[in-house]
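A.B. asks: Fold the stuff below for me.
(chains A and B)
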Amino acid sequence: MRYALRELLADVDSPAVTRAWARGDAAPGLAVWRRLADLGVTGALVPEASGGLGLSEVELVLVLDELGYAGLPGPYVESLAVVPVLLAGRDEPGRLAAVAEGRAVATALLPPRVPRALDADRADVLVRGSTAEIALVGGSLTLESSVDGARRLFLVDGPAVVVAEGAAAGRVVDAAFDGGALGCAAQLLGVGRRLLAMAVRHAGQRRQFGRPIGAFQAVQHQLADVLLRLEFAGPLVRGAAVALRDGTPFAARDVSSAKLAAGEAANAAARTALQVHGAIGYTAEHELHLWLAKARALRSAWGTPGWHRDRVAASLATGATAPIGAVDSRTGRE
Amino acid sequence: MNIVVLVKQVPDTWSERKLTDADHTLDRESADAVLDEINERAVEEALKLQEAHGGEVTVLAMGPDRATEAIRKALSMGADKAIHVSDAALHGSDVLATAKVLAKAIGTVEGVDLVIAGNEATDGRAGAIPAILAELLGLPQVTQVRKVEIDGTTVKAERETEEGVAFLEATLPAVVSVTEKINEPRYPSFKGIMAAKKKKVDTLSVADLGLDPAEVGLTGAWSSVLEAAPKPPRSAGQRVEDDGNGGAQIAEYLVGQKLI
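C.D. replies: Residues are numbered from 1 along each chain as shown, chains lettered A, B, ... in the order given. Next comes the predicted model:
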């Protein structure tokens, strides 16, 4: 699957798509969206009964990791990981099928933790999940700015059609938030991998003092440290995916650990890549800038590092010592 | 319309390909193995014909165990089932033996209307299999084509050569080989990838096909490789610095080579 996705994404000029998306031209981005939908990407988490593939979070993180590496703009996390959870079993007019087949783009906001909806003006399905209610909303959208110009965030104020309410709806919203945070973590991993790849390539090409800068140990160590962080974050993301798929009691803590580790790894990758590039990535004209901005924005999207740290700490305070992805807190057995 | 597509797993085109020291056969371990690109186009053409005329698409591969990966790729594109001829005795088979094995394996599929192959594999580059196969099966060969159409029981095709384009027609069943201009292969979808895991792959040995192991492999090959050496690196050539009489120096060099 990863291989099929890579083959398709290798043909996409994602910097051009991203710049067009930020400028206000959605056509190239939506064209890629439809090609990915034909592959099955948008239907990964949608149940087979609703026209999807009925896959799990385990396959989903693999997909979002690759999309992060490719750096594509658009509400992928929302459409792939969040809305399918919010609307599962509440999909009367076949909205999920439309999302799965790529006929509709979906986005979501989960106030207060996710107060703005990404690319709401380009979405056909806009879902709001709050503490005790899931609703389809529409109406007036206000564009707010993000550090990543290709992340177009909107405040939403308009009429709502409630599709579910009560404590059960609140639990679904919590699960959808964890799905979004995990999806974001997977995307961050891909963003980090790309930043590292760009830095390694640059270090091999750029010559100073008569040799490529990558030949200097100080540069090598910096790059190796980034790889180490990414390699440590990878298993946490995959473990959290298993936890969400199996609905284990510590899934929320596992998702927070994954989001934290992936965010910090991508942040380290961004800082190191910028330094190895001799700070040229600050200019918006340089391609590195696109991934730098993504790493920065996604790090605090779907829960800030502080929020996730709190949640891990709260779980530890209960004495739970189960490993990531495990079911039983005492034996740690899966 | 039942179609058999011949596929081959080859070392990645972009990798360095080597021969083994022991018997000068292809070193399959030294490079990533992939489904040959021309086969993706052959599978694509078979699937297009199937969409238009119905029937079943069977993938046929001969190769070591790991060739199953190439077969899965073809199945994930949409082919219905596969036959994998795998046998240690086949190691080092020449084109004649390969064609014999493939002909026997095609014989195990019922009601074959069309056999589609790529024009040549990127590793061996013999390009003779489709022709030999057609001869062995007693079928018309419609090879090296850039366009294929089926009209009732007739196959019409365009063969592009350096001299021009030939328009071919033959009665089904027939053997077709396609060039890289035939189409753009599709990407396997996630659904296709998952479905491919459940599709049937028959694994056959040389004995299952009723062939004598002595006829195939290195022992059965009509020619043998005695020695092989890697291509020598290109030499730098002679450099002419132009300090006013560069033209004369070049002319002298060419006279020395008896070119002018």
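A.B. asks: Pretty sure residue A:163 sits in a helix.
C.D. replies: No. Assigned with DSSP: H, G, I helix; E, B strand; the rest coil, residue A:163 falls outside any helix and is strand.
A.B. asks: and the stretch 151-260 of chain B, which residues reach chain A?
C.D. replies: Residues of the stretch 151-260 of chain B lying close to chain A (CB under 8 Å from any CB of the partner chain) are B:187, B:188, B:189, B:190, B:191, B:193, B:194. (C-beta placed from N, C-alpha, C; glycine too.)
A.B. asks: mind redoing it with 6 Å?
C.D. replies: B:187, B:188, B:189, B:190, B:191, B:193 (CB under 6 Å from any CB of the partner chain).
A.B. asks: in stretch A:270-286, what counts as buried?
C.D. replies: Across stretch A:270-286, burial judged by 16 or more other CB atoms under 10 Å in any protein chain shown covers A:270, A:271, A:272, A:273, A:274, A:276, A:277, A:281, A:286.
A.B. asks: who touches that stretch?
C.D. replies: Residues from elsewhere that reach stretch A:270-286 (CB atoms under 6 Å, 6 or more residues apart in numbering or on different chains): A:195, A:198, A:199, A:202, A:203, A:222, A:226, A:288, A:289, A:292, A:295.
A.B. asks: Look at residue B:231 and say how many residues are nearby.
C.D. replies: Counted with other CB atoms under 10 Å in any protein chain shown, the neighbours of residue B:231 add up to 5.
A.B. asks: Oh, that last question was meant for residue B:228, not what I typed.
C.D. replies: By other CB under 10 Å, the residues close to residue B:228 number 12.
A.B. asks: which residues touch it?
C.D. replies: B:19, B:24.
A.B. asks: Do you know the pLDDT at the residue in the stretch 51-200 of chain A that chain B sits nearest to?
C.D. replies: Closest approach between the stretch 51-200 of chain A and chain B, counting by CB to the nearest CB: residue A:53, at 5.6 Å. If you check residue A:53, the pLDDT there is 89.
A.B. asks: From what I see, it and residue A:43 are in contact.
C.D. replies: Yes. Taking CB atoms under 6 Å as the definition, residue A:53 is a contact partner of residue A:43 at 4.9 Å.
A.B. asks: Have a look at those two and say which one is more surrounded.
C.D. replies: Legend: neighbour count by other CB under 10 Å for residue A:53 and residue A:43, higher for residue A:43 (27 against 21).
A.B. asks: List the residues that contact that one.
C.D. replies: By CB under 6 Å, 6+ apart, the contact set of residue A:43 is A:52, A:53, A:100.
A.B. asks: Which stretches in chain A count as helices?
C.D. replies: Listed in chain order, the helices of chain A (DSSP state H) span A:2-10, A:14-23, A:27-39, A:57-70, A:76-77, A:83-87, A:95-101, A:167-205, A:217-246, A:251-276, A:288-300, A:305-317.
A.B. asks: Kindly report the same for chain B.
C.D. replies: Under the criterion DSSP H, chain B contains helices at B:37-53, B:68-77, B:95-107, B:129-137, B:190-196, B:217-220, B:246-256.
A.B. asks: Provide a list of residue ranges in the stretch 1-150 of chain B with pLDDT below threshold.
C.D. replies: Low-confidence segments of the stretch 1-150 of chain B (pLDDT under 70): none present.
A.B. asks: Enumerate the residues of chain A near chain B.
C.D. replies: With CB under 6 Å from any CB as the criterion, chain A meets chain B at residues A:1, A:4, A:8, A:39, A:40, A:53.
A.B. asks: burial of residue B:102, as a residue count?
C.D. replies: Other residues near residue B:102 come to 26 when the count uses other CB under 10 Å.
A.B. asks: typo on my end, residue A:158
C.D. replies: Residues near residue A:158, counting by other CB under 10 Å, number 11.
A.B. asks: show me what contacts it?
C.D. replies: Going by CB under 6 Å, 6+ apart, residue A:158 touches A:137, A:138, A:139, A:140.
A.B. asks: So for the closest residue to the third one other than its chain neighbours, what's the pLDDT?
C.D. replies: In other words, residue A:139. Closest residue to residue A:139 apart from its sequence neighbours, by CB to CB, 6 or more residues apart in numbering or on different chains: residue A:158 at 1.7 Å. Residue A:158 carries a pLDDT score of 83 in this model.
A.B. asks: got a list of what the residue in chain B positioned nearest to chain A touches?
C.D. replies: Residue nearest to chain A within chain B: residue B:190 (3.2 Å; CB to the nearest CB). Neighbouring residues of residue B:190 by CB under 6 Å, 6+ apart: A:1, A:40, A:53.
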